[in-house]
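>>> Got a predicted model here, sequence first, then my questions.
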Amino acid sequence: MNGERDVRSRGGRRSRRRSLALTLLMACTFTPAASLPRIHTVQAAADHAATNPLAAAYPSYMVGAYYFSGWSHGPNDNLSKLLTGPLRSSEPLIGWYDDSQSQVDKSIAQAVNAGIDFFAFDWYDIARSPYATDRTLNEALGFYLTSHHRHGLQFCLNFIDYPPFLPRATDWPGLVRTWIRYFKQPGYVRVDGKPLFIVFTPWYMRSIFGGSLGVRWALDYLRAQARAAGLPGVTIAVGAIVALHGNPIPNHWLGPEGYDLTTGYNYHAMGDEQYRVPVPYATLVQENVAMWDRVASSVPLPYIPVITSGWDQRYSAREQRTAIIYAGRTPAQFTCYAVRARHWIDSHPAETTQERMVLIFAWNEIGEGGAIIPSHRDGYAYANAVRYVFGGPHQHPATPTSCR
């Protein structure tokens, strides 16, 4: 990977050299939010910092957003009548579907304008699923790779080791060969100089490989094959959850199993939530902030904090009886939540990555209420909040005075 694409460039963010075509595409898909003033200069940022103790400590951060490719014209059970009916205002400005080159190109442009550095594509072993509705779950990644605009946005893989997508242990060498082809692509995210590979959950890895020793073999094999392919290895992150009153022992196995980092996909239902009973969005924020501290203090591995941008399953066809609902999300609340994540990174340099990385759930998990993709209901409010807090093209990180 050349210097232009290396995410470990000074400041944690690569230099973006966009083509004229991408610039024009962005102009067609981005509208600034009037409610979020811009900090245009270094001096202005310094003046701003003097007035707010939560001001950014660094000029840049590395921001990733999880991407779920479940939106296809073909058979799928994600775009339900609940979404197209009562929640139709949540339709993305690009439309409901991401099964075309033009739609994915527009998402790339919107994400770059939001200051997002990379998409972490949910990657499924679709061969293991018996359902036709799952056949397109890796589709958007393919369109990303063929996009003429992809060089403004990096990518990595989030391996969803969850039923019905669980591979057999004998499938592992074939999967590794597939993943290494992605790792060698221009623009693949690197942490500590190596391709970043995220494992959704440690629990099912133990199931696949018969325990921790088997997991260690599998991860060592992945690294060895990557080195044999000319790569420096792989940085492997895993989703970690430390429940408030749960048993912390299984999380102590993560290091010996061979993981390099911890992170998460989303955090919800960590308190006294009940099915189909809405609780305030502020509760979700509090639970996530507490989770960052618990994971970082319980697992002796660097941690990438996760911003669960929202969680509301009222409009998920699969979760009607067991919906967990955090209600009342606003762009202002989300902005201050993002500020807290940035401040956590600033104040925990020894417990996080040197790239100052944060992950957001999610770009387009619309059915679970965790989407920041520009929509008819919210416009660019959530995307612009990311840009405002973490910085973006020609904009330094900033902090609203209302965030304390």
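Cool, the structure landed.

>>> Next up, the contacts around the residue nearest to L93 when sequence neighbours are not counted.
Of all residues not flanking L93 in the chain, P374 sits nearest, at 4.7 Å (C-beta to C-beta, 6 or more residues apart in numbering). To be clear about C-beta, it is placed using only N, CA and C from the backbone, and glycine gets the same treatment. Contacts for P374 (C-beta atoms under 8 Å, 6 or more residues apart in numbering) come out as 29, 92-94, 110, 380, 382-383.

>>> who wins for most neighbours among those?
Counting neighbours by other C-beta atoms under 10 Å, A383 leads the contacts of P374 with 27 neighbours.

>>> What are the buried residues along stretch 281-300?
281, 283-285, 287-289, 291-292, 294-296, 298-299 (16 or more other C-beta atoms under 10 Å).

>>> Skip the chain neighbours and tell me the closest residue to P278.
A327 (3.9 Å).

>>> List the buried residues of stretch 77-88.
Those would be 78-80, 83, 87, for stretch 77-88 by 16+ other C-beta under 10 Å.

>>> Listing request: residues of the stretch 151-300 of the chain with sub-threshold pLDDT.
Nowhere does the stretch 151-300 of the chain drop to pLDDT under 70.

>>> So which residues of it form strands?
Secondary structure of the stretch 151-300 of the chain by DSSP state E, counting those that start in this stretch: the strands cover 154-159, 190-191, 194-199, 235-239, 261-263, 279-280.

>>> Quick check: which of those strands is nearest to A57?
strand 190-191 (19.7 Å; C-beta to C-beta).

>>> strand partners of that closest one, parallel vs antiparallel please.
Sheet partners assigned to strand 190-191 using DSSP bridges are listed as strand 194-199 (antiparallel).

>>> tilt between the partner strand and strand 154-159?
Interaxial angle of strand 194-199 relative to strand 154-159 (axes from the mean of the first three to the mean of the last three C-alpha atoms, to 10 degrees): 40 degrees.

>>> relative to strand 235-239, how tilted is strand 194-199?
Angle, strand 194-199 to strand 235-239, by the same axes, to 10 degrees: 20 degrees.

>>> Show me the contact partners of strand 194-199.
Under C-beta under 8 Å, 6+ apart, the answer for strand 194-199 is 120, 156-159, 161, 179, 183, 188-190, 205, 222, 226, 231-239, 259, 263.

>>> one step back: closest to N364 out of the buried residues of stretch 77-88?
Closest to N364, out of all of the buried residues of stretch 77-88 and judged by C-beta to C-beta, is N78, at 10.0 Å.

>>> Would you mind measuring from that closest one to T322?
Going from N78 to T322 by C-beta to C-beta, to the nearest Å gives 17 Å.

>>> now G142
G142 is 33 Å from T322, by C-beta to C-beta.

>>> Neighbour count for these two, which is higher?
G142 (15 against 11).

>>> got a list of what the more buried one touches?
G142 touches nothing, counting by C-beta under 8 Å, 6+ apart.

>>> how about the helix or strand where it lies: buried residues?
Element membership for G142, per DSSP states H and E: helix 139-145. Across helix 139-145, burial judged by 16+ other C-beta under 10 Å covers 139-141, 143-144.

>>> ok, the residues you listed vs Q313, which is closest?
For the buried residues of helix 139-145, the nearest to Q313 is A140 (22.2 Å; C-beta to C-beta).

>>> which residue sits closest to the closest one in space, ignoring its chain neighbours?
A140 sits nearest to S69 (C-beta to C-beta, 6+ apart), 3.6 Å away.

>>> cool, and A383?
Distance criterion C-beta to C-beta, 6+ apart; nearest residue to A383, sequence neighbours excluded, is A114 at 3.7 Å.

>>> What does the pLDDT read for that neighbour?
pLDDT recorded at A114 is 97.

>>> Count the neighbours of it for me.
A114, neighbours per other C-beta under 10 Å, totals 27.

>>> Can you list phi and psi of it for me?
Note on A114: backbone dihedrals following degrees, to the nearest 10 are phi -80, psi 0.

>>> Can you name the residues that contact it?
372, 380, 383-384, 386-387, 392.

>>> was I right about R216 contacting E257?
Yes: using C-beta atoms under 8 Å, R216 is in contact with E257, at 5.3 Å.

>>> Can I get stretch 310-326 in PDB, CA atoms only?
What follows is stretch 310-326, C-alpha atoms only, in PDB (Å, rounded to 0.1, in the frame of the first residue of the first chain):
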ATOM      1  CA  GLY A 310     -29.600   4.600  17.600                       C
ATOM      2  CA  TRP A 311     -31.600   1.400  18.400                       C
ATOM      3  CA  ASP A 312     -35.400   1.200  17.700                       C
ATOM      4  CA  GLN A 313     -36.800  -2.100  16.500                       C
ATOM      5  CA  ARG A 314     -40.400  -1.100  16.200                       C
ATOM      6  CA  TYR A 315     -40.100  -1.200  12.500                       C
ATOM      7  CA  SER A 316     -38.200  -4.500  12.200                       C
ATOM      8  CA  ALA A 317     -40.500  -7.200  10.900                       C
ATOM      9  CA  ARG A 318     -38.400  -9.800  12.700                       C
ATOM     10  CA  GLU A 319     -38.500  -8.200  16.100                       C
ATOM     11  CA  GLN A 320     -42.100  -7.200  16.700                       C
ATOM     12  CA  ARG A 321     -42.500  -9.200  19.900                       C
ATOM     13  CA  THR A 322     -39.100  -8.500  21.300                       C
ATOM     14  CA  ALA A 323     -38.400  -4.900  20.100                       C
ATOM     15  CA  ILE A 324     -36.000  -2.900  22.300                       C
ATOM     16  CA  ILE A 325     -36.800   0.800  21.800                       C
ATOM     17  CA  TYR A 326     -34.800   3.900  22.600                       C
END
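
>>> Numbering from 43 from now on, please.
Fine by me, first position is 43 from now on; the one you just mentioned is stretch 352-368.

>>> so what's the nearest residue to N120 once chain neighbours are set aside up against?
Take N120 and drop its neighbours on the chain: the residue closest to it by C-beta to C-beta, 6+ apart is G112, 4.0 Å away. When contacts are counted by C-beta under 8 Å, 6+ apart, G112 is found next to 118, 120-121, 178-179, 409.
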